[in-house]
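Engineer: Let's see this in three dimensions:
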Amino acid sequence: MPPTVALTSPRSPRVVAARRLARRAFRAKQQRFLAEGPQAVREAGERLVELFATPEAAERHDELLAAVRAAGTPVHTATPEVVEGISQTVTPQGLVGVCRFLDRPLAEILDARPRLVAVLAHVRDPGNAGTVLRCADAAGADAVILTDASVDPYNPKAVRASAGSLFHLPLAVGVPVARAIEGLSAAGLRVLAADGHGERELDAELDAGAMGGPTAWVFGNEAHGLPRETLALADAAVRVPLHGRAESLNLATAAAVCLYASARAQRAPGGCRSTGAPVAARGPR
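Structural biologist: Numbers count the residues shown, from 1 in each chain. I've put the predicted structure just below:
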């Protein structure tokens, strides 16, 4: 028997409040954001505040909804029109969750002694931000930092692009870039700026054994890269070698290459994540 529909009006105060979370100002005020689809709802865990579901989605994902209810989280069945009004996707999946913000102070991240960190500085496209966050998660990074010049990671497009990884990694938001780099350096991480014109090449750094220590990668704007003043703060600017005829790599691809290069080096014998190995010293500046 299909679930009883509880919400039928798009003007319901609860629905209006959820729909407003598509705007950054309301997200910041309420400290809430939207997560759509079964995967995001499943990964949200204790961050999930309430869930809107169409009757069809409620039946299809009955085990997921049962788990959400068992955790004490309200589940509202609503007409497809109501859920589509909250959704920010072209083809809604019938499930939209309202979640609590999950970022934490930079000091807390640094106190945890991270060994691989992605810093998004001047990244403006939410899809790219979410994809880099997903890459960082897949590469085993310990945290992601978004500077005050970067996009909001709670933007619905960023949340979707992260494919649930937003809920997996410690996240700091709105940190001035100089403060982020200075803090990471003080915590013993070598700070590398990913730059297509960097004076050092990633393969050469790997061959020299300079990548096995704690490392923070700084990624810049999709079109313009990192400004000169940000590059000057890093220990080195590193470029990904282009062996073919492509002019450049897009941000997310370059980030994946850089983060996985560090992940492999850190897990190799003598790297800071290899079994029984001491934390490697910072590489050459």
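
Engineer: tell me which residues in the longest helix seen in the chain are buried?
Structural biologist: For the chain, the longest helix by residue count, based on DSSP state H, is helix 251-267. The neighbour-count check on helix 251-267 (16 or more other Cβ atoms under 10 Å) flags 251-252, 254-259, 261-263, 265-266 as buried. Backbone N, C-alpha and C define where each C-beta goes, glycine included.

Engineer: what packs against that helix?
Structural biologist: strand 116-120, helix 126-138, strand 190-194, helix 202-207, strand 215-219 (3 or more Cβ pairs under 8 Å, 6 or more residues apart in numbering; DSSP states H and E).

Engineer: Could the C-alpha coordinates of the first one be exported in PDB?
Structural biologist: Right, the one you point to is strand 116-120. Extracted in PDB, the C-alpha atoms of strand 116-120 (Å, rounded to 0.1, in the frame of the first residue of the first chain):
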ATOM      1  CA  LEU A 116      47.100  15.200   2.600                       C
ATOM      2  CA  VAL A 117      44.900  18.200   2.200                       C
ATOM      3  CA  ALA A 118      43.300  19.800  -0.800                       C
ATOM      4  CA  VAL A 119      42.900  23.600  -0.700                       C
ATOM      5  CA  LEU A 120      40.400  25.200  -3.100                       C
END
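
Engineer: Just checking: what are the partner strands of it?
Structural biologist: strand 143-147 (parallel), strand 215-219 (parallel) (DSSP bridges).

Engineer: for the record, mean pLDDT for the first one?
Structural biologist: Here strand 143-147 scores 97 as its mean pLDDT.

Engineer: And the next helix or strand past it?
Structural biologist: Next along the chain after strand 143-147, taking DSSP states H and E as the criterion, comes helix 156-162.

Engineer: How about the last one?
Structural biologist: If you walk from strand 215-219 toward the C-terminus, the next helix or strand you reach (DSSP H and E) is helix 228-233.

Engineer: residues in contact with that following helix?
Structural biologist: 121-122, 177-178, 181-182, 191, 193, 195, 218, 220, 237 (Cβ atoms under 8 Å, 6 or more residues apart in numbering).

Engineer: buried stuff in stretch 217-225?
Structural biologist: Neighbour-count burial for stretch 217-225, counted by 16+ other Cβ under 10 Å, picks out 217-222, 225.

Engineer: Can you tell me how far the residue nearest to residue 139 when sequence neighbours are not counted is from residue 91?
Structural biologist: Closest residue in space to residue 139, ignoring its immediate chain neighbours: residue 259 at 3.9 Å, by Cβ to Cβ, 6 or more residues apart in numbering. According to Cβ to Cβ, to the nearest Å, residue 259 and residue 91 sit 30 Å apart.

Engineer: cool, residue 38 as well?
Structural biologist: 14 Å.

Engineer: Looking at these two now, which is surrounded by more residues?
Structural biologist: A count of neighbours by other Cβ atoms under 10 Å puts residue 38 above the other of residue 38 and residue 91, at 17 against 6.

Engineer: Give me the pLDDT for that one.
Structural biologist: 95.

Engineer: Quick one: residues contacting it.
Structural biologist: Residue 38 makes contacts with 61, 64, 93, 95, as judged by Cβ under 8 Å, 6+ apart.

Engineer: again, only this time at 6 Å
Structural biologist: By Cβ atoms under 6 Å, 6 or more residues apart in numbering, the contact list for residue 38 reads 61, 64, 95.
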